[in-house]
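Colleague: sharing a sequence plus its predicted fold:
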Amino acid sequence: MLANTFGAIAYIAMAFAVNNLAMASETSVLGRRRGALLAVLSTGALVQMLLGLAAHFNFTSALPALRILAAFCLVAVPLNFWPVVSRLKRGQLRILNTRLLARAQRAEAAVAAARNWLALAERSGHVGHWQLSVPDYHLCWSDEMYRIHGLWREHYTPRLESALAAFHPVDGKRIGVLLQEAAANQGEFEVAARLRRPDGEIRHVILRGAAALDGDGQVGELNGVLVDVTEPKRAEAQLALSGSRGLPLEDELTGLADRRQFDLSLGYEFKRAVRSRKPLGMVLLEIEHFPNYGAYYGALEADACLRVVAQAVQAVPRRTGDVVARYGATEIAVLLPLADSAGAQRVATQILEAVRALGLPNAGQEAGILTASCGAAAFVGMDDLYNPMELTRRAARALADAKEMGGNRVCGYREVELLGVLATRA
């Protein structure tokens, strides 16, 4: 009797479980078998109760039929549950796949948002990211790297050789060495450099990089950033220029532009020459033995002599935009936009002839007259020289050559002299 009671309770519990499953399931896993299962379970519970009662009251004639019916219920329950379990497994898989797909979609959305934030941060800060694999040196750029270089992703595939060639030759060599050292020593670096865009514009950048190790503890790649600091540098230059606008830009003694005005004009004209790919010439004149002139004739006569020479130089026919400035105590500089090396030497010769034509006496000099020497140089392209200070250095070098040859002459900058120095160092 007790065993039959527990069997009936088990059937009733399973019936409640099936009913709850049917109501709570997200998908119809029971389908049409819900009614059949409930009927079988209810019948099984009823048969177990009848078996118990028949055994208790000795209804032996009913026991065989009830036992057959109980066996039928025991067989019918798993036969009806098996398709339900299979369908439940498939439903769980669908639910699991749906959840995994939702998670993947959320992860993709998060990655896309992070990429958008990174791109916005790159554009706002003018910071590009780069990655260089080791040892094959395959280079990858972010979008801002292309913008800083003035290139389009669709038209250019970054390669290490061409990327280094975009920098000033000196900076490119130094960056190449730093990359090799970082890869060899698992180190990091930071360097300021000058980047030349395809249109000739010069951008000031800061390159940072560090080695990243792979699973074996070896350098697998170099990661870094390229920061464009051109605009801050321009702002600093503009601030310095605006702070100096209240100061005079004219030499009081000669009436020529002063050294500060010349330097400002040189920077402006050099940038314009780079953008337009036009030459820019410079002549540097020095009055010879002028300290002896001052010692012999006195300071007042020396000042008057300087004014006369300055007027003679300024009177030489020039193009609009040429700048004549007092460069030093006894030096006068002439900036010649659109003049190549030959044109600069031609103007230097005219200036020297104008000074000679003055015929100013100079008792402190063997020739007895005032003489001068001129050095001429020119910027003719980015492959020739890279910054305006190099132009002034070349003009000064040419002037020194003229003085070493005895003075009272014009000398142009000699490229062979520079090549000789490089060959000697090599």
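Modeller: That came through fine. Numbers count the residues shown, from 1 in each chain.

Colleague: hey, let's count contacts and neighbours off CA atoms from now on
Modeller: Will do.

Colleague: so which residues of this protein form helices?
Modeller: 2-24, 33-56, 63-125, 143-149, 160-165, 169-185, 230-244, 259-276, 290-297, 299-315, 341-358, 388-404, 415-425 (DSSP state H).

Colleague: would you single out the least confident of these?
Modeller: With a mean of 41, helix 415-425 has the lowest mean pLDDT of the helices of the chain.

Colleague: for stretch 293-313, buried residues please.
Modeller: Going by neighbour count (16 or more other Cα atoms under 10 Å), the buried part of stretch 293-313 is 293-294, 302, 305-313.

Colleague: which of the residues you listed sit farthest apart?
Modeller: Greatest spacing in the buried residues of stretch 293-313, by Cα to Cα: G294 and V313 (20.2 Å).

Colleague: what's the longest strand in the protein?
Modeller: Longest strand in the chain by number of residues, with DSSP state E as the criterion: strand 202-213.

Colleague: that one: which residues count as buried?
Modeller: For strand 202-213, by 16+ other Cα under 10 Å, it's 202-212.

Colleague: now stretch 141-160
Modeller: Of the residues in stretch 141-160, those buried (16+ other Cα under 10 Å) are 141-146, 148-149, 151, 158.

Colleague: would CSV of those with distance to V47 be doable?
Modeller: Putting the buried residues of stretch 141-160 into CSV (distance: Cα to Cα, whole Å) gives the following:
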residue, distance to V47
W141, 78
S142, 76
D143, 77
E144, 80
M145, 82
Y146, 82
I148, 86
H149, 87
L151, 86
P158, 82
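
Colleague: tell me which of those residues is nearest to V229?
Modeller: Nearest to V229 among these, with distances taken as Cα to Cα, is I148, at 10.3 Å.

Colleague: now that closest one: closest residue in space, sequence neighbours ignored.
Modeller: D228 (6.8 Å; Cα to Cα, 6 or more residues apart in numbering).

Colleague: show me how this structure divides into domains.
Modeller: Domain segmentation of the chain under automatic domain parsing yields 2-115, 126-230, 248-425.

Colleague: before we move on, the earlier item: now render the buried residues of stretch 293-313 as TSV, adding distance to A184.
Modeller: Shown next, in TSV, are the buried residues of stretch 293-313 (distance: Cα to Cα, whole Å):
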residue	distance to A184
Y293	63
G294	62
A302	63
C305	64
L306	60
R307	62
V308	64
V309	61
A310	59
Q311	62
A312	62
V313	58
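
Colleague: between these, which is closest to H129?
Modeller: For those, the nearest to H129 is V313 (52.7 Å; Cα to Cα).

Colleague: hmm, the closest one is touching E353, no?
Modeller: No: using Cα atoms under 8 Å as the test, V313 is too far from E353 to be in contact (9.7 Å).

Colleague: overlap of the contact sets of the two?
Modeller: Counting by Cα atoms under 8 Å, 6 or more residues apart in numbering, V313 and E353 have no shared contacts at all.

Colleague: identify the bridge partners of the closest residue to G209 other than its chain neighbours.
Modeller: Nearest non-adjacent residue to G209, counting by Cα to Cα, 6+ apart: G224, 3.9 Å away. Note on G224: beta-bridge partners by DSSP bridges are W130, G209.

Colleague: for P361, see how far away A304 is.
Modeller: 13 Å (Cα to Cα, to the nearest Å).

Colleague: for G217, same thing?
Modeller: G217 sits 79 Å away from P361, taking Cα to Cα as the criterion.

Colleague: those two: who's more crowded?
Modeller: For G217 and P361, the more surrounded residue by other Cα atoms under 10 Å is P361, and the numbers stand at 14 against 9.

Colleague: against L285, how distant is the more buried one?
Modeller: Counting by Cα to Cα, the separation of P361 from L285 is 18 Å.

Colleague: do the same with G294
Modeller: 18 Å.

Colleague: try L164
Modeller: Taking Cα to Cα, one finds L164 at 39 Å from L285.

Colleague: the two - which one has more neighbours?
Modeller: In this view L164 and L285 are compared by other Cα under 10 Å, and L285 has more residues nearby, 26 against 17.

Colleague: who's that one bridged to?
Modeller: I332, C374.

Colleague: what residues are up against it?
Modeller: So L285 contacts 331-333, 372-375, 399 (Cα under 8 Å, 6+ apart).

Colleague: farthest pair in those residues?
Modeller: Farthest pair in these, by Cα to Cα: A333 and A372, 12.8 Å.

Colleague: those two: who's more crowded?
Modeller: In this view A333 and A372 are compared by other Cα under 10 Å, and A333 has more residues nearby, 27 against 24.

Colleague: how close does that one sit to R272?
Modeller: Counting by Cα to Cα, the separation of A333 from R272 is 19 Å.

Colleague: now Q345
Modeller: Using Cα to Cα, we find Q345 at a distance of 21 Å from R272.

Colleague: which one's more surrounded, these two?
Modeller: More crowded of Q345 and R272, by other Cα under 10 Å: Q345, with 24 against 16.

Colleague: let me see the contact set for the nearest residue to the more buried one once chain neighbours are set aside.
Modeller: Using Cα to Cα, 6+ apart and skipping residues adjacent in sequence, the residue nearest Q345 is A376, 5.5 Å away. Going by Cα under 8 Å, 6+ apart, A376 touches 281-284, 341, 344-345, 348, 394-395, 398-399, 410-413.

Colleague: first vs last residue of stretch 355-374, how far apart are they?
Modeller: Length of stretch 355-374, first residue to last, Cα to Cα: 11 Å.

Colleague: brain fart, stretch 154-162
Modeller: For stretch 154-162, the first-to-last residue distance is 16 Å (Cα to Cα).

Colleague: what's the burial count for the residue nearest to V227 when sequence neighbours are not counted?
Modeller: In space, and not counting its chain neighbours, V227 is closest to V127: 4.5 Å by Cα to Cα, 6+ apart. Using other Cα under 10 Å, V127 has 24 neighbouring residues.

Colleague: wait, V127 sits on V225?
Modeller: Yes: here V127 reaches V225: they are 6.4 Å apart, a contact under Cα under 8 Å.

Colleague: just the buried residues from the contacts of A376, in ChimeraX please.
Modeller: In ChimeraX, a selection of the buried entries from these looks like this (16+ other Cα under 10 Å):
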select :281,282,283,284,341,344,345,348,394,395,398,399,410,411,412,413
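
Colleague: from the contacts of A376, which is closest to L264?
Modeller: For the contacts of A376, the nearest to L264 is M282 (14.2 Å; Cα to Cα).

Colleague: does R203 touch H168 like I think?
Modeller: No: assessed by Cα under 8 Å, R203 is found out of contact with H168, at 10.3 Å.
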